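J.: Return a 3D structure for these sequence lines:
(chains A and B)
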Amino acid sequence: AQSVTQPDIHITVSEGASLELRCNYSYGATPYLFWYVQSPGQGLQLLLKYFSGDTLVQGIKGFEAEFKRSQSSFNLRKPSVHWSDAAEYFCAVGADTGRRALTFGSGTRLQVQP
Amino acid sequence: DAGVTQSPTHLIKTRGQQVTLRCSPISGHKSVSWYQQVLGQGPQFIFQYYEKEERGRGNFPDRFSARQFPNYSSELNVNALLLGDSALYLCASSLGLAGATDTQYFGPGTRLTVL
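T.: Numbers count the residues shown, from 1 in each chain, chains lettered A, B, ... in the order given. Alright, predicted model coming up:
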């Protein structure tokens, strides 16, 4: 069964600082990986996705993520955080066969200090 | 184009009651999935429907049921509500059944509170 672990429940960074959110996955085949962001009281917005090819993926809002098969990781990064980035971030893994649902991690809440 | 829409936005019910949540997918999308997000956790998959047929089901009791209509909109029904059913219910739509490569777009959710 596939699973996703986000080790950091809560992260606080200063505005303008760099950010890295960790995500580790467990999946038997080639994973399809996603990062979503959820602002308070809102649904999920897709930031970026990895299916194959280049292991460094660019997304919206200046985010990027790197797929590392050897470490089973798909960490999300941003060089300079803005106050509007404060939200909850979810990593998810999907399957291309069988049950095609997304399996989400428990999320990382990002707080941005002025 | 409008995104995924869900109604109602908020709902308060008491234990034992039944509830129906509604979802309209993005125009042209034929697949709808439902997720439950309990406070402080990530979303958990409940159902996926495609062309009015159930194509996937998560680990939820039979009190949970859903259906998809010819216009691809969907309803999620929950019977005999329990306190633990309090959650944000998210609907996601995608073009078809191309697996995980078919990006899912989420609606704003319905906040269900069971008292």
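J.: can you list the residues of chain B near chain A?
T.: Taking Cβ under 8 Å from any Cβ of the partner chain as the contact definition, chain B meets chain A at B:4, B:33, B:35, B:40-45, B:48, B:55-58, B:90, B:92, B:97, B:99-109, B:111. C-beta here means a position set from N, CA and C on the backbone, and glycine is covered the same way.
J.: B:Gln18 - how many residues pack around it?
T.: 11 (other Cβ atoms under 10 Å in any protein chain shown).
J.: Show the contacting residues for the closest residue to it other than its chain neighbours.
T.: Leaving aside its chain neighbours, B:Gln18 sits nearest to B:Asn79 (4.9 Å; criterion: Cβ to Cβ, 6 or more residues apart in numbering or on different chains). If you count contacts by Cβ atoms under 8 Å, 6 or more residues apart in numbering or on different chains, B:Asn79 has them with B:Gln18, B:Arg63, B:Ser65.
J.: and what of A:Lys61?
T.: Applying Cβ under 8 Å, 6+ apart to A:Lys61 gives the contacts A:Val37, A:Leu47, A:Lys78, A:Asp85.
J.: Strands of the chain, residue ranges please.
T.: Unless you meant another one, I'm taking chain A. For chain A, the strands defined by DSSP state E occupy A:3-5, A:10-14, A:19-21, A:24-26, A:32-38, A:44-50, A:56-58, A:64-68, A:73-78, A:87-94, A:102-104, A:108-113.
J.: my question was about chain B
T.: Along chain B, the segments classed as strands by DSSP E run B:5-7, B:10-13, B:19-24, B:31-37, B:44-50, B:53-57, B:64-68, B:74-78, B:87-94, B:105-106, B:110-114.
J.: Quick one: these as JSON lines, columns for mean pLDDT, mean neighbour count and distance to A:Gln71 too.
T.: Formatted as JSON lines, those follow (pLDDT from 0 to 100; neighbours: other Cβ atoms under 10 Å in any protein chain shown; distance: least, Cβ to Cβ, whole Å):
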{"stretch": "strand B:5-7", "mean pLDDT": "96", "mean neighbour count": "16", "distance to A:Gln71": "37"}
{"stretch": "strand B:10-13", "mean pLDDT": "96", "mean neighbour count": "14", "distance to A:Gln71": "41"}
{"stretch": "strand B:19-24", "mean pLDDT": "98", "mean neighbour count": "19", "distance to A:Gln71": "37"}
{"stretch": "strand B:31-37", "mean pLDDT": "95", "mean neighbour count": "25", "distance to A:Gln71": "27"}
{"stretch": "strand B:44-50", "mean pLDDT": "92", "mean neighbour count": "22", "distance to A:Gln71": "26"}
{"stretch": "strand B:53-57", "mean pLDDT": "89", "mean neighbour count": "14", "distance to A:Gln71": "29"}
{"stretch": "strand B:64-68", "mean pLDDT": "97", "mean neighbour count": "19", "distance to A:Gln71": "36"}
{"stretch": "strand B:74-78", "mean pLDDT": "98", "mean neighbour count": "21", "distance to A:Gln71": "37"}
{"stretch": "strand B:87-94", "mean pLDDT": "95", "mean neighbour count": "25", "distance to A:Gln71": "28"}
{"stretch": "strand B:105-106", "mean pLDDT": "92", "mean neighbour count": "20", "distance to A:Gln71": "28"}
{"stretch": "strand B:110-114", "mean pLDDT": "97", "mean neighbour count": "18", "distance to A:Gln71": "37"}
